[in-house]
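J.: Starting from these lines, generate the structure:
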Amino acid sequence: MNDLNDLYSDEIEYAIIGALILDENTDQEADKPKSKAYYKALERLKPSYFYEPSNRAAFKQIINLHKKGCSPDDAIMRAQLLAECTEEFDEEGIEEYFEGFQELSQSKLNDYVETIIELWGKRKIIKEYDKLQEQVSLGQITLDEMLVQQKKVAEQIEGTRTKEVASRTYKDMKRGLLEKMKKNAESGSTVTGLSTGYKELDELTCGLQDSDLIIIAGRPSMGKTTLACNIMDNIASTGKRTLTFSIEMPGDQLLLRSWASVGTINQTALRTGRLNELEQGRLSAAIEKVDLWDAHVIDDGKMNIQQIVNEAKKLHEESPISAIMLDYLQLMKLPENNSKADAIGEVSRELKHLAGELGVPIIVLSQLSRNLENRQDKRPINSDLRDSGAIEQDADLILFVYRDEVYNPDSEDKGFAEIIIGKQRNGPLGTVKVKFEGQYSRFIDIPETEKNDPVEDYLKTAEPLDLNSATSPL
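T.: Numbering: from 1, shown residues only. Sure, this is the predicted structure:
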């Protein structure tokens with residue numbers, strides 16, 4: 001076990017606490033704002049960065065007071081520490097603790113904040129090294145898991161370092177945006193992202209946009225995997241590179257579904273291999289088409305979020321990916337957090353960050369709570385997303401798949417499905433009706449001949465009936 005005694009400074013930690021409490025601009029009666037260094041310290045530091053328990057407890061109370069809109073002045077802090085931190089402070093100890101506080105210049109406070117973060121980072125790395133060393137000696141960890149854990153720690157530490165972020169004015173952005181609008185107008189298409197392959201869905205969403213996190217959700221047997229696979233196939237068929245993480249089913253099953261969909265071949269015939277002459281010809285044609293796709297599949301059911309991120313980045317570096325799909329969220333190996341909802345939230349944020357970093361849409365499949373089946377109208381809503389808080393917040397687009405025949409076998413909508421837009425950050429909500437062909441593992445746009453009511457079409461074009469005419473049937 002490594003000695004951490006040289007990797008902390010009680011003096012610097014204590015100086016930061018004192019500076020925050022005695023901030024030179026803290027004057028509520030004069031209504032003066034606090035210094036920039038004060039806000040910067042609160043933004044960058046966390047209680048866990050402080051090594052000494054008393055300093056850690058004091059900073060935690062400063063954060064709590066700040067969240068409540070209160071200044072951490074001397075009297076309030078004393079009361080809070082005595083009430084909330086009985087293990088670290090008593091009446092005698094708190095007097096001694098507050099006696100040595102001194103004001104700091106803003107530059108000195110900034111320097112001290114950097115020092116505390118650097119010391120915390122070094123301690124973090126050493127603790128992780130000790131932990132990994134112990135796990136290796138006990139045979140509890142693989143090399144891949146070690147690499148993932150080390151990368152995670154490195155990213156956590158890197159995230160604390162200051163980054164220069166340049167601002168842009170609206171005028172700066174104008175030229176690029178106008179050029180993009182002109183390009184979209186000249187294309188003659190309403191699709192500004194990647195086409196889903198479904199005309200009405202594209203009209204409502206303008207396609208799948210770069211950096212968007214897209215959730216496709218539905219109850220079992222609704223066809224959420226089928227819809228997501230169809231969309232990925234439609235993207236791949238245009239020459240784009242795609243990557244699918246299949247946690248639920250092996251990659252060869254995804255390939256079989258693609259052959260069925262593209263070749264209009266019954267899935268059962270494909271699985272059994274009992275194909276008639278027509279189906280054999282269709283399979284040959286389907287294979288020829290699908291072989292042209294640059295579609296990649298990783299079907300490891302034990303992958304965690306860091307492994308998924310690493311594999312996506314690796315493939316993207318080789319040649320840019322246009323779209324990523326994950327099937328499905330709740331089945332993947334989740335971080336060991338306090339609750340499943342927290343773990344799902346962490347994964348959701350990582351996927352949203354990955355979409356932004358790579359600049360590609362990421363489609364994530366998600367389960368729905370079975371509670372919706374207790375409602376008379378079983379069409380999903382956003383709150384039906386299982387462990388929904390973070391998913392709903394992070395998603396740019398939420399699509400629900402609903403087939404009424406699953407609940408009502410004699411439904412008038414048998415053979416059809418609704419794609420319900422439950423959330424769209426930059427567009428309208430709505431519902432798109434499509435045809436479901438389960439035997440071919442696909443959803444397709446409804447042909448115009450099936451979509452239109454011939455009586456309704458006649459009424460739109462018929463001349464108004466003149467009841468006084470000699471030819472009137474009345």
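J.: Can you list the buried residues in the lengthiest helix in the chain?
T.: Among the segments of the chain that qualify as a helix by DSSP state H, the longest is helix 106-137. Across helix 106-137, burial judged by 16 or more other CB atoms under 10 Å covers 106, 109-110, 112-113, 116-117, 119-121, 123-125, 128, 132. To be clear about C-beta, it is placed using only N, CA and C from the backbone, and glycine gets the same treatment.
J.: next one: stretch 430-450
T.: So, applying 16+ other CB under 10 Å, buried residues of stretch 430-450: 432, 434, 436-438, 440-443, 446.
J.: Show me which of those residues is closest to residue 413.
T.: Distances from residue 413 to the buried residues of stretch 430-450, taken as CB to CB, are shortest for residue 436 (9.5 Å).
J.: Tell me which residues touch the closest one, please.
T.: 223, 403, 415-417, 443 (CB atoms under 8 Å, 6 or more residues apart in numbering).
J.: strands paired with the helix or strand hosting it, and their directions?
T.: Assessed by DSSP states H and E, residue 436 sits inside strand 430-437. Strand 430-437 has its sheet partners listed here by DSSP bridges as strand 416-424 (antiparallel), strand 442-444 (antiparallel).
J.: Could you pull up the mean pLDDT of the longest one?
T.: Averaging pLDDT along strand 416-424 gives 96.
J.: which residues are contacting that strand?
T.: Contacts of strand 416-424 with the rest of the structure, by CB under 8 Å, 6+ apart, involve 198, 201, 204-205, 222-223, 227, 379-382, 392, 395-404, 427-436, 443, 446.
J.: That strand: how far from the chain's middle?
T.: Strand 416-424 has its average C-alpha position 19 Å from the chain's average C-alpha position, going by CA atoms, centre = their mean, to the nearest Å.
J.: next one: stretch 195-207
T.: 21 Å.
J.: Kindly check the end-to-end length of that stretch for me.
T.: End-to-end distance of stretch 195-207 (CA to CA, to the nearest Å): 5 Å.
J.: For that stretch, buried residues please.
T.: For stretch 195-207, by 16+ other CB under 10 Å, it's 195-198, 200-202, 204-207.
J.: And for stretch 286-295?
T.: Buried residues in stretch 286-295 (16+ other CB under 10 Å): 286, 290, 293, 295.
J.: Same check on stretch 411-422?
T.: Under the neighbour-count criterion of 16+ other CB under 10 Å, stretch 411-422 has 416-422 buried.
J.: quick check, nearest of these to residue 35?
T.: residue 422 (44.6 Å).
J.: what about residue 151, how many neighbours?
T.: 14 (other CB atoms under 10 Å).
J.: so it sits right up against residue 307, yeah?
T.: No: contact between residue 151 and residue 307 fails when scored by CB atoms under 8 Å: they sit 9.8 Å apart.
J.: Helices along the stretch 101-250 of the chain, start to end?
T.: Listed in chain order, the helices of the stretch 101-250 of the chain (DSSP state H, counting those that start in this stretch) span 106-137, 143-158, 170-187, 199-205, 224-236.
J.: Minimum distance to residue 97: which of the ones you listed has it?
T.: If you check each of the helices of the stretch 101-250 of the chain against residue 97 by CB to CB, helix 106-137 wins as the nearest, at 17.7 Å.
J.: got the angle between that closest one and helix 143-158?
T.: Orientation note: helix 106-137 sits at an angle of 170 degrees relative to helix 143-158 (axes from the mean of the first three to the mean of the last three CA atoms, to 10 degrees).
J.: residues of stretch 87-100 that come out buried?
T.: Of all the residues in stretch 87-100, those buried under the rule 16+ other CB under 10 Å are 88-89, 94, 97-98.
J.: hang on, the earlier thing: now do the strand holding residue 436, average pLDDT.
T.: Strand 430-437 shows an average pLDDT of 96 in the prediction.
J.: could you give me the average pLDDT of stretch 301-318?
T.: Stretch 301-318 shows a mean pLDDT of 88 in the predicted model.
J.: Worst mean pLDDT across the helices and strands of this structure, which element?
T.: When each helix and strand of the chain is scored by mean pLDDT, DSSP states H and E, helix 454-461 comes last, with a mean of 45.
J.: coming back round to it: tell me which entries of the buried residues of stretch 286-295 lie within strands.
T.: In strands, judged by DSSP state E, the following of the buried residues of stretch 286-295 are found: residue 295.
J.: Dump the buried residues of stretch 286-295 into JSON lines; add pLDDT and distance to residue 303 as well.
T.: Putting the buried residues of stretch 286-295 into JSON lines (pLDDT from 0 to 100; distance: CB to CB, whole Å) gives the following:
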{"residue": "286", "pLDDT": "94", "distance to residue 303": "29"}
{"residue": "290", "pLDDT": "96", "distance to residue 303": "24"}
{"residue": "293", "pLDDT": "97", "distance to residue 303": "23"}
{"residue": "295", "pLDDT": "96", "distance to residue 303": "18"}
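J.: Relative to residue 188, which of the buried residues of stretch 286-295 is nearest.
T.: So of the buried residues of stretch 286-295, ranked by how close each gets to residue 188 (CB to CB), first place is residue 293, at 25.8 Å.
J.: Quick one: residues contacting the closest residue to the closest one other than its chain neighbours.
T.: Using CB to CB, 6 or more residues apart in numbering and skipping the chain neighbours, the partner closest in space to residue 293 is residue 236 (4.0 Å). Taking CB under 8 Å, 6+ apart as the criterion, residue 236 is in contact with 242, 293-295.
J.: All set, thanks.
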